[in-house]
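> What follows is a predicted protein model with its sequence.
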Amino acid sequence: MQTATKKMLSVLVSALALVALAMTPALAKDSQKKKSSHSPTKAAAKAAGHHDEKPGPAWMTFGGTVKKVEGNTYTVEDYEGNHVNLYVGQGTKQIKPKKVGDTVRAEITQSGFANSIQ
């Protein structure tokens, strides 16, 4: 009886090993597909051609350093080195206007309007 159990156990272990070997390439392909170079800040930068003029639904929270201020547009460099234009207006909640070199965290709409800046 013991030899039959040992044979059955060795067959099960072998089958499990074969299944694991067969699944490895498929799992590796899935993990490569999930690695995306998509960055929310890059998407916000692409939306720079069109921006909201007023607050709207928050899309993301964005942080970085102010690199340039031109009128109602702040150019902010995020922690990955991407530059994003944030648009401010009367609807933007901020304690005081920011200047070059300030570190900011902003809640922005998908098209780059800053609902609030801290």
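On my side now, so go ahead. Remember, it's a predicted structure, so these values are computed and weren't measured experimentally.
> So for the longest strand seen in the chain, mean pLDDT?
For the chain, the longest strand by residue count, based on DSSP state E, is strand 60-70. Averaged over strand 60-70, pLDDT sits at 89.
> what comes into contact with the helix or strand just after it?
Sequence order places strand 73-78 as the next helix or strand after strand 60-70, per DSSP states H and E. For strand 73-78, the surrounding residues in contact (CB atoms under 8 Å, 6 or more residues apart in numbering) are 41, 62-69, 83-88, 98, 104, 106, 114, 117. C-beta: built from backbone N, CA, C; applies to glycine.
> Could you list the single helix or strand in this structure with the lowest mean pLDDT?
Taking mean pLDDT, DSSP states H and E as the measure, helix 40-46 is the helix or strand of the chain with the lowest mean score, a mean of 49.
> Now tell me what touches the longest strand of the chain from outside.
By CB under 8 Å, 6+ apart, strand 60-70 touches 40-41, 44, 74-79, 83-84, 86, 97-108.
> Now residue 7: which helix or strand?
Going by DSSP H and E, residue 7 is in helix 2-34.
> What mean pLDDT does that helix get?
75.
> buried sites along that helix?
Across helix 2-34, burial judged by 16 or more other CB atoms under 10 Å covers no residue at all.
> now stretch 111-118
111-117.
> just stretch 82-97 next, same as before
Within stretch 82-97, the residues scored as buried using 16+ other CB under 10 Å are 82, 84-88, 92.
> mind giving me the domain ranges of this structure?
Annotated domains of the chain cover 1-35, 40-117 [automatic domain parsing].
> Residue 61 and residue 23: what is the separation?
Distance of residue 61 to residue 23, computed by CB to CB, to the nearest Å: 38 Å.
> Using CSV, list the CA coordinates for stretch 5-18.
These are the backbone C-alpha positions of stretch 5-18, laid out as CSV (Å, rounded to 0.1, in the frame of the first residue of the first chain):
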residue,chain,number,x,y,z
THR,A,5,0.9,6.0,-2.3
LYS,A,6,4.5,7.0,-3.1
LYS,A,7,3.8,6.4,-6.8
MET,A,8,0.7,8.4,-6.7
LEU,A,9,2.4,11.2,-4.8
SER,A,10,5.3,11.3,-7.3
VAL,A,11,2.9,11.4,-10.3
LEU,A,12,1.0,14.3,-8.7
VAL,A,13,4.2,16.2,-8.0
SER,A,14,5.4,15.6,-11.6
ALA,A,15,2.1,16.8,-13.0
LEU,A,16,2.2,19.9,-10.9
ALA,A,17,5.7,20.6,-12.0
LEU,A,18,4.7,20.3,-15.7
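> That concludes my questions; thank you for your assistance.
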